[in-house]
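**Student:** predicted model and sequence below, questions to follow.
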Amino acid sequence: MCGRKFSHEELTWAEYRDILAIVQPPPNSNFQPNYNICPTQQVPVCINREGQRSLELLNWGLLPAWAKDTKYAAKMINARAETLTEKPSFKPLLEKNRCIIMVSGFYEWQRERQRKIPYKVERSDKEPMLLAGLWTRNDYLDINSYTVITTAAAASFAPIHDRSPVILERTDIDTWLDGAWDEARNFATTYQGNLSAIRISDAVNSNRNNGRHLLDPLIA
């Protein structure tokens, strides 16, 4: 799954602009680093709005158009790739409401007896991580929100967790944002690239903690 993410100081507006081919930054955008992105928080998300790519601040945790309060958000931070076409909250979004969440990486917890051991997960080449997602507008709540699509983890990552986010390559961007679902669905699969998973401090477990120190490798 994907329950926390991080964006460090190297992830700037220039990175979003150059990688995602966006012309204008969102108004009042905040590209400050966030080392503990939690559900319900806002992050810059790349969407296709009326045929033009736009970078907008969206809440993490999908709030379908029919939702009358925000209680659903925490349960809708992820969407399983295998059942997207079966879920009424996701199926209507597949054709025109796909999005990309660009971050530095995500956190995952490995269960060990009664403990959960935290890891920071990045691309091994240190390139920004492009997560596939879906977004929607809830007019009643006046909120734009998104969910991260997840799928089965690669064999090398499975000892930590059996699920991982759908991670796109730069060559996938155009089809994922602009193509038909019949083409884009081919990218909602297990990531075949190399990921770096490094054990970190339990400090990341608290959503009150933030800062570069959360990324420091745990020293035994």
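**Tutor:** Looks like it came in fine.
**Student:** packing partners of the longest helix belonging to the chain?
**Tutor:** In the chain, assigned by DSSP state H, the helix with the most residues is helix 13-20. In terms of contacts (3 or more CB pairs under 8 Å, 6 or more residues apart in numbering; DSSP states H and E), helix 13-20 is packed against strand 42-49, strand 52-60, strand 98-103. Heads up, the C-betas are built off the backbone N, CA and C, glycines and all.
**Student:** next helix or strand past the last one?
**Tutor:** Remark: after strand 98-103, the chain's next helix or strand is strand 105-112, criterion DSSP states H and E.
**Student:** hmm, back to that, and the helices and strands packed on helix 13-20 as JSON lines, adding mean pLDDT and distance to residue 133?
**Tutor:** Conversion of these to JSON lines gives the following (pLDDT from 0 to 100; distance: least, CB to CB, whole Å):
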{"stretch": "strand 42-49", "mean pLDDT": "92", "distance to residue 133": "7"}
{"stretch": "strand 52-60", "mean pLDDT": "92", "distance to residue 133": "9"}
{"stretch": "strand 98-103", "mean pLDDT": "97", "distance to residue 133": "5"}
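**Student:** return the most buried member of the ones you listed.
**Tutor:** Mean neighbours per residue, mean count of other CB atoms under 10 Å, is largest over those for strand 98-103, with a mean of 24.
**Student:** list the contacts of it.
**Tutor:** 5-7, 11, 15-16, 19-20, 37, 43-48, 58, 128-135, 146, 148, 168, 173, 176-177, 181, 184 (CB atoms under 8 Å, 6 or more residues apart in numbering).
**Student:** partner strands of it, with direction?
**Tutor:** Counting by DSSP bridges, the strands paired with strand 98-103 are strand 42-49 (antiparallel), strand 129-138 (antiparallel).
**Student:** now the strands for this protein?
**Tutor:** With DSSP state E, the ranges of strands along the chain come out as 4-7, 34-37, 42-49, 52-60, 78-80, 98-103, 105-112, 115-123, 129-138, 143-152, 163-165, 167-168, 195-199.
**Student:** relative to residue 206, which of the ones you listed is closest?
**Tutor:** Distance to residue 206, taken as CB to CB, is lowest for strand 34-37 among the strands of the chain, at 8.3 Å.
**Student:** list of residues touching that closest one?
**Tutor:** Defining contact as CB under 8 Å, 6+ apart, one finds that strand 34-37 is touched by 4-8, 41, 43, 60, 103, 204, 207, 209-212, 214-215.
**Student:** in its sheet, which strands sit next to that strand, and in what direction?
**Tutor:** Sheet pairing here is set by DSSP bridges, and for strand 34-37 it gives strand 4-7 (antiparallel).
**Student:** and the strand it pairs with, what's buried?
**Tutor:** The neighbour-count check on strand 4-7 (16 or more other CB atoms under 10 Å) flags 4, 5, 6, 7 as buried.
**Student:** nearest to residue 141 among those residues?
**Tutor:** Among the buried residues of strand 4-7, residue 5 lies closest to residue 141 (CB to CB), at 22.7 Å.
**Student:** circling back: CSV for the strands of the chain, including distance to residue 91?
**Tutor:** CSV is the format used below for the strands of the chain (distance: least, CB to CB, whole Å):
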stretch, distance to residue 91
strand 4-7, 25
strand 34-37, 27
strand 42-49, 18
strand 52-60, 19
strand 78-80, 10
strand 98-103, 13
strand 105-112, 25
strand 115-123, 29
strand 129-138, 10
strand 143-152, 13
strand 163-165, 20
strand 167-168, 21
strand 195-199, 29
